[in-house]
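model this:
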Amino acid sequence: MLQDTSARVAALHERFLASTSVTQAIAGCFIEIDRCLAEYLVAFYSLKIVCFLHSLLCLVSGHPNCKVNMIYTKSW
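Next comes the predicted model:
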């Protein structure tokens with residue numbers, strides 16, 4: 001997704017930049033990049049929260065087979 005968008009920006013950059021349609025197309029590409037990065041961040045932090053909650057549950061429950069990686073809890 002990002003590679004395709006980056007290629008489109010590069011192709012548009014080679015064209016005449018004074019054109020309104022080209023400027024709008026470049027802006028649209030940057031909006032797509034921002035959306036893609038936002039989706040990535042949501043997925044990343046959602047996973048981090050799940051790992052933290054799992055670690056917290058293991059600590060609270062005191063389950064003997066639960067091995068908590070304290071890296072998750074210290075990074076918060």
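
For the strand or helix carrying residue 59, which helices and strands make contact with it?
Assigned by DSSP states H and E, residue 59 falls within helix 20-61. Packing partners of helix 20-61 (3 or more CB pairs under 8 Å, 6 or more residues apart in numbering; DSSP states H and E): helix 2-14, helix 70-74. Quick note: C-beta positions are derived from backbone N, CA and C, even for glycine.

list the buried ones in the first one?
Going back to what we said before, that points to helix 2-14. 5, 9, 12 (16 or more other CB atoms under 10 Å).

Would you quantify the distance from the second one to residue 45?
When you say that, I think you mean residue 9. The gap separating residue 9 from residue 45 is 27 Å, by CB to CB, to the nearest Å.

follow-up on the earlier one: how far off centre is the helix holding residue 59?
3 Å (CA atoms, centre = their mean, to the nearest Å).

which stretch in the helices and strands packed on helix 20-61 has the least confidence?
Among the helices and strands packed on helix 20-61, helix 70-74 carries the lowest mean pLDDT, a mean of 49.

tally of neighbours for residue 22?
15 (other CB atoms under 10 Å).

cool, residue 29 as well?
19.

can you tell me how far it sits from residue 44?
For residue 29, the distance to residue 44 - CB to CB - is 23 Å.

same deal with residue 50?
11 Å.

Alpha carbons only: can I get stretch 41-58 in CSV?
Coordinates of each C-alpha in stretch 41-58 appear next as CSV, following Å, rounded to 0.1, in the frame of the first residue of the first chain:
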residue,chain,number,x,y,z
LEU,A,41,-0.5,2.5,15.1
VAL,A,42,-3.9,1.4,16.2
ALA,A,43,-3.1,-2.2,15.5
PHE,A,44,0.3,-1.9,17.2
TYR,A,45,-1.0,-0.3,20.4
SER,A,46,-4.0,-2.6,20.6
LEU,A,47,-1.6,-5.6,20.6
LYS,A,48,0.6,-3.9,23.2
ILE,A,49,-2.5,-3.3,25.4
VAL,A,50,-3.5,-6.9,25.1
CYS,A,51,0.0,-8.1,26.1
PHE,A,52,0.0,-5.7,29.1
LEU,A,53,-3.4,-6.9,30.2
HIS,A,54,-2.3,-10.5,29.9
SER,A,55,0.8,-9.8,32.0
LEU,A,56,-1.3,-8.0,34.6
LEU,A,57,-3.8,-10.8,34.8
CYS,A,58,-1.0,-13.3,35.3
